[in-house]
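Chemist: with the sequence up front, the predicted model follows.
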Amino acid sequence: MPPVFRFAPSPNGFLHLGHAYSALLNADLAKAGGGRLLLRIEDIDATRCRPDYEAAIYQDLAWLGIAWEPAVRRQSDHLDLYRDAVDRLAARGLVYPAFDSRAEIARLVAAKDEVAPWPRDPDGAPLYPGSGKHLDAEQRALLIASGVPYALRLDMEAACEIAGALTDELSWHELGHGPDGETGLVAAQPEAWGDVVIARKETSTSYHLSVVIDDALQGVTEVVRGADLFWSTSVHRLLQILLDLPAPVYRHHPLLRDAEGRKLSKSTGATGLRDLRAAGVSPEEVRRMVGLAAAA
Ligand code: GLU
């Protein structure tokens with residue numbers, strides 16, 4: 001079976017050199033291994049994703065000379081599928097609605113921090129400290145019926161317990177490197193993320209949930225993406241075990257940084273692919289700029 005790769009951008013801004021590196025690396029690896037390259041548009045966040053950004057993704061990738069296999073998978077077309085997965089997790093008691101607003105969470109964390117430093121997740125965000133887990137069914141039903149917004153959170157402790165009973169080893173095969181050089185067989189540490197959001201009242205999914213479902217449905221065998229998502233793989237492995245989905249191997253690549261050492265962002269004009277194109281930069285020069293050898 002040929003290896004299957006995917007590039008999975010979110011259409012919430014224009015692509016920059018960091019995306020070019022990731023997309024070209026996926027394309028090069030697919031080519032070298034006689035594999036397939038798929039494209040997935042991760043557009044579940046309706047408030048930030050825009051059709052013009054999606055159109056620009058196709059233009060920019062085509063300009064770079066990247067050929068992806070049709071059909072493109074758009075996550076917003078599959079919300080029912082993700083909802084089914086949430087229902088399956090909920091049926092096992094692994095998901096609960098949490099009604100706290102961002103401000104309430106920040107207040108709770110500040111109060112906890114005064115007593116002792118409250119734990120942060122691998123991205124530096126405080127773990128969910130809320131009381132949502134302890135509401136009873138009647139209180140939850142009442143709040144939902146009264147229209148209060150909520151996030152559906154994974155009960156991490158219960159999820160890890162079930163996963164532990166299903167597998168003796170929650171780990172993944174890393175062909176690249178983590179932030180501290182982790183490579184080879186890496187032990188997943190999903191508990192480091194606390195009770196992650198799995199879906200929201202207004203969106204029946206989350207990044208973590210749709211990514212594992214789509215990688216499985218698209219038959220992805222090797223996930224090549226930026227090292228900023230390295231530790232998210234812990235949550236992805238946990239969800240794969242809980243939802244009985246196959247595990248691809250992972251290759252996290254270093255992030256490109258700007259002259260000041262900052263991670264490139266979608267607002268970084270100077271490294272935007274369309275701006276570079278408008279300035280007369282060629283796709284071959286882009287390859288050089290991101291440190292890839294000339295195309296074979
Ligand atoms: N959609 C994510 C992003 O644009 C990438 C997700 C992934 O590769 O797993 O950062």
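Modeler: The structure has been received and is ready for your questions.
Chemist: for the residue of the stretch 151-296 of the chain found nearest the ligand, what are its contacts?
Modeler: Here the stretch 151-296 of the chain gets closest to the ligand at one residue, R225, 3.6 Å apart by CB to the nearest ligand atom. For the C-beta atoms, the positions are set from N, CA and C on the backbone; glycine is no exception. Counting by CB atoms under 8 Å, 6 or more residues apart in numbering, R225 makes contact with A8, S22, Y250, R251, H252, H253.
Chemist: name the helix or strand for E54, please.
Modeler: In the assignment (DSSP states H and E), E54 maps to helix 51-64.
Chemist: what comes up buried for that helix?
Modeler: Neighbour-count burial for helix 51-64 flags Y53, E54, A56, I57, D60, L61, W63, L64 (criterion: 16 or more other CB atoms under 10 Å).
Chemist: check which helix or strand the residue nearest to the fourth one when sequence neighbours are not counted maps to.
Modeler: Nearest residue to I57 in three dimensions, chain neighbours excluded: P9, at 5.5 Å (CB to CB, 6 or more residues apart in numbering). Element membership of P9, judged by DSSP H and E, is empty: it is in no helix or strand.
Chemist: and for P9, the neighbour number?
Modeler: Burial of P9 is recorded as 21 neighbouring residues (other CB atoms under 10 Å).
Chemist: against L154, how distant is it?
Modeler: For P9, the distance to L154 equals 25 Å [CB to CB, to the nearest Å].
Chemist: quick one: is the longest helix along the chain near the ligand?
Modeler: As assigned by DSSP state H, the longest helix anywhere in the chain is helix 17-32. No: Helix 17-32 stays clear of the ligand (CB under 6 Å from any ligand atom), getting no nearer than 7.6 Å.
Chemist: list the buried residues in that helix.
Modeler: 17-30.
Chemist: for stretch 220-232, same thing?
Modeler: Within stretch 220-232, judged by 16+ other CB under 10 Å, the buried ones are V220, T221, E222, V223, V224, R225, G226, A227, L229, F230, W231, S232.
Chemist: just the terminal-to-terminal distance for it.
Modeler: With CA to CA, to the nearest Å as the measure, the ends of stretch 220-232 fall 17 Å from one another.
Chemist: likewise stretch 96-109?
Modeler: Taking CA to CA, stretch 96-109 runs 20 Å from one end to the other.
Chemist: now do stretch 124-143
Modeler: Stretch 124-143: ends 30 Å apart by CA to CA.
Chemist: got the contact list for that stretch?
Modeler: Contacts of stretch 124-143 (CB under 8 Å, 6+ apart): 96-100, 104-105, 108-109, 112, 118-121, 150, 153, 155, 193-196.
Chemist: please redo it, this time with the cut-off set to 10 Å
Modeler: 96-101, 104-113, 117-121, 148-158, 191-197 (CB atoms under 10 Å, 6 or more residues apart in numbering).
Chemist: export the contacts of R225 as CSV, with columns for distance to H236 and pLDDT.
Modeler: What follows is the contacts of R225, written out as CSV (distance: CB to CB, whole Å; pLDDT from 0 to 100):
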residue, distance to H236, pLDDT
A8, 12, 98
S22, 17, 98
Y250, 9, 98
R251, 14, 98
H252, 12, 98
H253, 17, 97
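Chemist: so which of those residues is the closest to D80?
Modeler: A8 (19.8 Å; CB to CB).
Chemist: if I look at that closest one, how far off is Q218?
Modeler: From A8 to Q218 the distance is 10 Å (CB to CB).
Chemist: mutual contacts of the two, please.
Modeler: Contact criterion CB under 10 Å, 6+ apart; residues bridging A8 and Q218 by contacting each: L38, L39, R40, R73.
Chemist: quick one, what contacts the nearest residue to the last one once chain neighbours are set aside?
Modeler: This means R73. Leaving aside its sequence neighbours, R73 sits nearest to R40 (CB to CB, 6+ apart; 4.6 Å). Contact partners of R40, counting by CB under 10 Å, 6+ apart, are 6-10, 68, 72-75, 210-211, 214-215, 218, 220.
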